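1. Have a look at this fold, sequence not included:
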Ligand SMILES: Nc1ncnc2c1ncn2[C@@H]1O[C@H](COP(=O)(O)OP(=O)(O)O)[C@@H](O)[C@H]1O
Ligand SMILES: [Mg+2]
């Protein structure tokens, strides 16, 4: 039976290096292990890295090639068995404005996706690429990832205001909590910036270790503090 509602989750941040890719991958895998039908898309052509993180070394068709060459998305979908998810990897490339025909192709392909969750890892910045379709079966939600470093909080506050102005739902995830002795505490962030925090992810050595092993942290150890918090986010989505 076709899926009636697709949760389209964009993982966003104005700054790079805050943990967007880490959160997108681990959340996708946590949902996959909960039995959800998940597609993870690498939407960061500036730093396409999901193939690296998931140890995908065989040749693949990237999301950029699928869209620009107007190929079916099904040709680009790879099964990532260990994570129990499907993936469309990306390729480092410049972004071009899509032609009318390419946009139409992308919309048609997006509308035919049959997943409960489509998670998109995006480029830093406000104009993060997203799969936009007007099909009401897509429920959009942005997950903003921030570190406790005050300038990063300040810039993500601007992103929050923009999403608010456009009536787009979002949640804030505070990542790498505890890494920086001068970082803000979650309660300070809420009080001083009026930002509600959905979940706090700790600084955890499992993250750099998992990257060195090209295996998501959630698969290395489900019981790490980081993985438990990721599972909590996945359960609430
Ligand atoms: N919770 C965490 N604990 C420890 N290190 C982390 C954590 N989250 C991210 N990192 C580190 O931060 C770096 C950037 O993470 P990444 O997910 O690639 O960020 P982004 O996609 O926002 O650029 C990586 O080297 C990763 O090891
Ligand atoms: Mg990234």
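-> Structure's in. What do you need? Keep in mind it's a predicted model, so treat the numbers as computed, not measured. Ligands and ions are numbered 1, 2, ... in the order given.
2. Would you mind listing what in the chain touches ligand 2?
-> 20, 21 (Cβ under 5 Å from the ion). Glycine gets a C-beta too; all of them are placed from N, C-alpha and C.
3. By proximity to ligand 2, which residue of the chain wins?
-> residue 21 (3.3 Å; Cβ to the ion).
4. now the helices: where do they sit in the protein?
-> For the chain, the helices defined by DSSP state H cover 20-33, 50-53, 63-68, 100-111, 150-165, 186-193, 206-212, 217-220, 225-236.
5. contacting residues for the residue of the chain closest to ligand 2?
-> By Cβ atoms under 8 Å, 6 or more residues apart in numbering, the contact set of residue 21 is 11, 44, 47, 49, 50, 53, 121.
6. Low-confidence ranges, the protein, go.
-> By pLDDT under 70, the low-scoring segments of the chain are 1, 127-133.
7. at 90 instead, please
-> Applying pLDDT under 90 to the chain flags residues 1-4, 92-98, 103, 123-137, 165-168.
8. Relative to ligand 1, how far out is the residue of the chain closest to ligand 2?
-> Distance of residue 21 to ligand 1, computed by Cβ to the nearest ligand atom, to the nearest Å: 3 Å.
9. before we move on, what about residue 189?
-> 16 Å.
10. That residue touches residue 195, doesn't it?
-> Yes - using Cβ atoms under 8 Å, residue 189 is in contact with residue 195, at 5.5 Å.
11. and this structure, which residues reach ligand 1?
-> Proximity of the chain to ligand 1 is confined to 13, 16-22, 175-176, 201, 203-204, 207-208, 211, 226 under the rule Cβ under 6 Å from any ligand atom.
12. just to revisit the earlier point, got a winner among the contacts of residue 21 for most neighbours?
-> Greatest neighbour count in the contacts of residue 21, by other Cβ atoms under 10 Å, goes to residue 121: 28 neighbours.
13. Name whatever forms a beta bridge with that one.
-> Counting by DSSP bridges, residue 121 is bridged to residue 11, residue 42.
14. Then residue 85?
-> Residues in beta-bridge contact with residue 85 (DSSP bridges): residue 80.
15. what about it, how many neighbours?
-> 26.
16. Ok, residue 222 next?
-> 14.
17. Quick check: closest non-adjacent residue to it.
-> Leaving aside its chain neighbours, residue 222 sits nearest to residue 231 (7.3 Å; criterion: Cβ to Cβ, 6 or more residues apart in numbering).
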